[in-house]
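Undergrad: Sequence and predicted structure, then a few things I'm wondering about:
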Amino acid sequence: MMNIVYQVKDALYVNLTNRCPCACRFCLRNNAPGVYGSDSLWLEREPTVQEAMDALAKWPLEKYPEVVFCGYGEPTERLDALLEIGRWLKANHPMLPIRVNTNGLADLIAGQPTAPRFAGIVDRLSVSLNCADAEEYLDLCRPKFGKAAYPAMLKFAQEAARYVPDVVMTIVGAPVTPPEKQAACRALCDRLGLRLRIRPFERIQ
Ligand code: SF4
């Protein structure tokens, strides 16, 4: 059985792909296949847009504070599908906020700027900043795009803030990110005009 839609605490999550251009050393998919009580979030194949909409329609969507595109892969690997599902959600549940948890590499994945495409569909973007140092990011996240990834992620987040009402940069709290590195991330976000959130180690993205 495929876990296309699953619940974590109050929120409903949509899992569209296993693909990801990163191989983060801390990624839960390397360590915890049964996370959140689901058998596995590893998809045997990618669901179609219709399959994802059918799966969502089985849940009482009006009861949830938000729908989150997340999972064991990078959701913007399927940006077209994500936005189509998002448009359908907005048309049928206009009050339901839509969040995307992303590594921020959508522009490199698509080979073109993507931030404007989120406008009017995505309400909240959670971008994994991970650290304030490009070399450390390379070692930690091992993106297939190499050194281009870190500046592209920062640029995407800054651009996305023009189109998405709530953009937040995330890092993993201590002990993964010690206080002095948290401070460096906060200074970077302040410089870029972005908001920082420190999340617990257990979370995906
Ligand atoms: S970006 Fe997210 S899904 Fe991809 S390897 Fe890193 S933690 Fe895992």
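TA: Here it is on my side, so go on.

Undergrad: measure L140 to T177 for me?
TA: 10 Å (C-beta to C-beta, to the nearest Å). For the C-beta atoms, the positions are set from N, CA and C on the backbone; glycine is no exception.

Undergrad: okay, those two: which has more neighbours?
TA: Taking neighbours as other C-beta atoms under 10 Å, L140 and T177 compare with T177 leading, 21 against 18.

Undergrad: what's near enough to touch that one?
TA: Contacts for T177 were tallied using C-beta atoms under 8 Å, 6 or more residues apart in numbering; they are 131, 171, 185, 198.

Undergrad: quick check: longest strand of this structure.
TA: Ranked by number of residues, the top strand in the chain under DSSP state E is strand 166-172.

Undergrad: Which pLDDT value goes with V172?
TA: At V172, the model reports a pLDDT of 89.

Undergrad: can you pull the contacts of it?
TA: 26, 130, 198-201, 203.

Undergrad: What residues are recorded as beta-bridge partners of it?
TA: Assessed by DSSP bridges, V172 has beta-bridge partners R199.

Undergrad: ok, now how distant is it from V14?
TA: According to C-beta to C-beta, V172 and V14 sit 22 Å apart.

Undergrad: and V100, that's in a helix?
TA: No: if the criterion is DSSP: H, G, I helix; E, B strand; the rest coil, then V100 is strand and not within a helix.

Undergrad: Which residue, neighbours along the chain excluded, lies closest to it?
TA: Closest residue to V100 apart from its sequence neighbours, by C-beta to C-beta, 6 or more residues apart in numbering: F69 at 4.6 Å.

Undergrad: now do L83
TA: Among residues not flanking L83 along the chain, I121 sits closest, at 5.6 Å (C-beta to C-beta, 6+ apart).

Undergrad: what pLDDT does the one you found get?
TA: The model reports I121 with a pLDDT of 98.

Undergrad: Same check on the one 3 residues further on?
TA: Looking at R124, its pLDDT stands at 98.

Undergrad: Test my guess that it contacts R99.
TA: Yes: counting by C-beta atoms under 8 Å, R124 touches R99, with 3.9 Å between them.

Undergrad: More neighbours: these two, which one.
TA: R99 (21 against 16).

Undergrad: residues contacting the more buried one?
TA: 11, 66-69, 122-126.

Undergrad: ok, back up a step: in PyMOL, select just the buried ones from the contacts of T177.
TA: Filtering these down to the buried ones (16 or more other C-beta atoms under 10 Å) takes a single PyMOL command:
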select buried, resi 131+171+185
